[in-house]
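Enquirer: Have a look at this fold, sequence not included:
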């Protein structure tokens, strides 16, 4: 039996309509789909009848499969001659572990491809009306994981991020908002810097909560913000205030 192939595919930031045409084509060709927690069920409807669908989502503290198990399964199914689609929220190469899965495929001698997706930072930015860059306000932005804040063995350079980018987009930071804001303020970012949390970005359940860097952790607790939520920090948060209110639905909270 000839070997199959592996397509590592970005599903976009939540709204199923934000998937790319190429990604949809890969789903229509799939024999096996291994999909993450934040992938819309509507996307799985594009799979052919008989496609094997395997859930391998990772919620904080709860993983359906370990990363090594996922790596092994995508390789094993491809070796058996199947076209495997590894469907990930956002973009596979932005905090998606797509690089690890590509390395596993390469090591096993399996043909693979990467199909990019709209990453959560740009999706949350566009959906909430908060630009990542804006002429005269922000000429740079950086993306960073918040899940490693405070970890001594794999520290994030908050000292550089505090001063090095106009806008910060923090993934997976809801549980560590107090530590993140504290690190940035300690390294020189003003506590009054505008900040926003975009919960369930681009979906019907989206909420946008705006405040300041110094107060966003308390707001998150008061508003019971949960995962997934993107934290945007910078003066571009104020651009949202200047947009016509009719452009934003009631699900957005200021």
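Expert: Sure thing, it's come through. Just so it is clear, the structure is predicted and the values come from calculations on it, not from any experiment.

Enquirer: Count residues in the vicinity of residue 70, would you?
Expert: Neighbour count for residue 70, taken as other C-beta atoms under 10 Å: 22. For glycine as for every other residue, the C-beta is placed from the backbone atoms N, C-alpha and C.

Enquirer: The stretch 101-250 of the chain: strands as residue ranges?
Expert: Taking DSSP state E, counting those that start in this stretch as the test, the strands found in the stretch 101-250 of the chain are 111-115, 141-145, 167-171, 194-199, 207-212, 229-233.

Enquirer: mean confidence for the last one?
Expert: Yep, that's strand 229-233 we're talking about. For strand 229-233, mean pLDDT is 98.

Enquirer: helices or strands up against it?
Expert: helix 120-128, strand 167-171, helix 177-186, strand 194-199 (3 or more C-beta pairs under 8 Å, 6 or more residues apart in numbering; DSSP states H and E).

Enquirer: Residue 113: which of the ones you listed is closest?
Expert: Comparing those by their distance to residue 113 (C-beta to C-beta), the top pick is helix 120-128, with 21.6 Å.

Enquirer: what comes into contact with the closest one?
Expert: Residues outside helix 120-128 that contact it (C-beta atoms under 8 Å, 6 or more residues apart in numbering) are 12-15, 18, 89-90, 94, 130-132, 141, 143, 169, 171, 196, 198, 201-202, 206, 208, 228, 230, 232, 240, 252.

Enquirer: if we can go back for a sec, can you list the helices and strands packed on strand 229-233 in a markdown table and add distance to residue 78?
Expert: A markdown table is the format used below for the helices and strands packed on strand 229-233 (distance: least, C-beta to C-beta, whole Å):
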| stretch | distance to residue 78 |
| --- | --- |
| helix 120-128 | 27 |
| strand 167-171 | 29 |
| helix 177-186 | 39 |
| strand 194-199 | 36 |
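
Enquirer: before we move on, back to that, and the strands of the stretch 101-250 of the chain, which is most packed in?
Expert: Burial of the strands of the stretch 101-250 of the chain is given as mean neighbour count (mean count of other C-beta atoms under 10 Å); strand 229-233 ranks first at a mean of 28.

Enquirer: now that strand: how far from the chain's centre is it?
Expert: Remark: strand 229-233 is offset 11 Å from the chain centroid, using C-alpha atoms, centre = their mean, to the nearest Å.

Enquirer: do stretch 228-248 as well
Expert: 18 Å.

Enquirer: do stretch 173-189 as well
Expert: Relative to where its chain is centred, stretch 173-189 has its mean C-alpha point 19 Å off (C-alpha atoms, centre = their mean).

Enquirer: Stretch 46-59 now?
Expert: The answer for stretch 46-59 is 19 Å, by C-alpha atoms, centre = their mean.

Enquirer: again with stretch 46-62
Expert: Counting by C-alpha atoms, centre = their mean, stretch 46-62 comes out at 17 Å from the chain centroid.

Enquirer: Right, I'll call it a day here.
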